[in-house]
Structures are given as C-alpha cells and as structure tokens.
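Trainee: Take this sequence and fold it.
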Amino acid sequence: MLQVSKIIPQGAGLAPVLLKRAATVELDWDVRQKSRFDATDSLGRQLGVFLPRGTLVRGGDVLVAEDGSMVRVIAAPQAVLRITHCPDHGSPFDLVRAAYHLGNRHVPIELKPDHLKIEPDHVLADMLRSMHLIVHAVNEAFEPEGGAYSAGGHSHGHSHGHAGDDHDHGHAHAAVPAPASPAAHVHGPDCNHGHDHADAGAPQAIQIHKHKPHSH
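Mentor: Numbers count the residues shown, from 1 in each chain. Predicted structure coming up:
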C-alpha cells in the first residue's frame with residue numbers, strides 16, 4: 001500500500017502538464033470528509049491516506065504519495081438533492097431562507113448562486129417543497145461548505161485576528177462590529193417611520209444655536 005500524507009489544495013503551483021499526467025482517484029463526499037481512508041487510484045494502486053485531522057479533501061486537490069507521485073482527486077457523482085427557487089411563485093431569496101433553515105439543522109450544504117445541494121433526506125425535501133422550492137434528486141458531485149473554522153489545508157495563507165497583531169492587512173474581520181446600515185433596520189419602539197419627532201433631533205439643535213444665549 002502506498003502511503004499518502006500530503007495534500008496540495010487544488011494543485012496550486014503545479015504545472016498543468018503535471019496535473020494532466022497524474023493518476024486520478026474518484027471519491028464521494030463521505031470519504032473526502034475523512035482525513036484517513038483507503039482508496040484505489042486509476043493506476044490500480046492501493047493508497048493509504050493519512051492527512052492532518054480535520055482535513056477536507058476537495059475535487060481538484062492533489063494527493064502526494066510517499067514516493068513523490070501525485071494523484072488528482074475527482075469528486076465522484078453521488079445521490080444529492082438539487083434545490084432551486086420557483087420562478088413562478090418565488091425568488092432567489094428563497095434559497096437564502098432555505099439555507100438558513102438547513103443550517104439550523106446542521107445539514108451539510110453546497111451553496112451555489114442559483115441552487116443548493118444537500119444529501120438525500122425525504123423529510124427535508126418535504127420541508128423545502130412546503131417553502132415553494134423545487135427539489136430534484138440527481139447524481140452530481142457534492143462539495144458542501146466546510147465551516148468557517150474547519151481545517152483542511154485550504155487557508156488563504158494569512159492570519160486573521162491573532163493576538164498582538166496590529167495590522168488587519170486590509171481585510172474586514174467578523175470580530176469587528178460592522179457599522180449599522182439601513183438594511184439592518186429593526187422596526188420597534190425606536191423606529192422613526194410614521195412617527196412625529198419634531199421636538200427632537202437636528203431641528204432642535206439648530207434652534208438652540210439661533211438663540212445665542214451668551215450674546216449681549
């Protein structure tokens with residue numbers, strides 16, 4: 001058995017000709033979410049994969065064997081539910097709402113601009129259809145989100161929010177509160193819509209300045 005303990009995410013830095021010549025291995029998501037597994041590549045070699053714990057293997061990643069040979073990973077087609085919005089009775093925003101409800105149930109989801117994918121589940125399929133979404137059972141590659149804090153060798157190569165780091169490198173971090181925006185408006189007691197506040201705010205401040213109380 002050929003041991004594999006290194007992964008190159010998406011074959012970054014490798015020449016296209018090397019990727020084209022590399023052996024391949026087709027793996028479904030159930031295997032690719034594991035850091036230790038056995039597989040057989042396109043050359044018939046038995047691979048024993050031992051990657052750092054928490055590593056997620058994605059289609060397009062390259063495994064490097066102990067003898068230096070490379071194996072390109074292909075995400076194998078598998079049974080999934082493909083979820084799209086109804087163009088007649090809904091909008092693309094329905095997918096955002098569906099992702100929210102699925103996320104609350106800790107369901108692995110592949111997010112695309114125009115559809116979602118989840119593993120087959122008839123209860124979830126019924127729930128989604130009740131939300132006026134269209135659900136189709138298909139066989140396609142499945143690449144769900146790995147989570148904001150998942151490991152797996154797919155970092156961007158820079159640190160975020162480390163203690164003692166005075167530089168933000170131009171990135172906005174989730175730990176820093178975002179400025180309030182009109183889109184985040186909450187309708188409640190402090191809402192100004194339809195309420196008369198003529199005795200407060202900028203007009204009152206201007207009136208105070210007009211009186212000039214210290215002038216003689």
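Trainee: need the helix or strand of this structure with the lowest average pLDDT.
Mentor: helix 202-211 (a mean of 44; mean pLDDT, DSSP states H and E).
Trainee: Tell me which helix or strand V96 sits in.
Mentor: helix 93-104 (DSSP states H and E).
Trainee: Q3 too?
Mentor: Assessed by DSSP H and E, Q3 sits inside strand 2-8.
Trainee: Could you do L63 as well?
Mentor: Counting by DSSP H and E, L63 is found in strand 62-65.
Trainee: hang on, the earlier thing: would you mark the buried spots in the strand holding Q3?
Mentor: For strand 2-8, a neighbour-count test (16 or more other C-beta atoms under 10 Å) marks 2, 4, 7-8 as buried. From N, CA and C alone the C-beta is placed, and that goes for glycine too.
Trainee: Can you list the low-confidence ranges for this structure?
Mentor: Along the chain, the parts satisfying pLDDT under 70 run over 147-216.
Trainee: What segments of it are strands?
Mentor: 2-8, 23-27, 36-40, 46-50, 62-65, 70-75, 78-85, 110-111, 116-118, 133-140 (DSSP state E).
Trainee: if we look at the shortest one, which residues are touching it?
Mentor: Defining contact as C-beta atoms under 8 Å, 6 or more residues apart in numbering, one finds that strand 110-111 is touched by 80, 99, 116-118, 142-145.
Trainee: and which of the residues you listed is nearest L63?
Mentor: Nearest to L63 among those, counting by C-beta to C-beta, is E143 at 16.7 Å.
Trainee: Could I get the contacting residues of the closest one?
Mentor: Residues near E143 by C-beta under 8 Å, 6+ apart: 29, 58-59, 75, 110.
Trainee: Need those in a markdown table (columns: neighbour count).
Mentor: Conversion of those to a markdown table gives the following (neighbours: other C-beta atoms under 10 Å):
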| residue | neighbour count |
| --- | --- |
| W29 | 23 |
| R58 | 20 |
| G59 | 17 |
| A75 | 19 |
| E110 | 19 |
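Trainee: Make CSV out of the residues you listed and add distance to H122.
Mentor: Output for the contacts of E143, formatted as CSV (distance: C-beta to C-beta, whole Å):
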residue, distance to H122
W29, 19
R58, 28
G59, 27
A75, 24
E110, 19
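Trainee: Tell me the one of these nearest H85?
Mentor: Using C-beta to C-beta, E110 is the member of those that sits closest to H85, with 15.7 Å.
Trainee: Quickly note the distance from that closest one to S91.
Mentor: The gap separating E110 from S91 is 20 Å, by C-beta to C-beta, to the nearest Å.
Trainee: can you count the residues close to the nearest residue to D38 once chain neighbours are set aside?
Mentor: Take D38 and drop its neighbours on the chain: the residue closest to it by C-beta to C-beta, 6 or more residues apart in numbering is G48, 5.8 Å away. For G48, the neighbour count with other C-beta atoms under 10 Å is 15.
Trainee: what does L102 give?
Mentor: L102, neighbours per other C-beta under 10 Å, totals 19.
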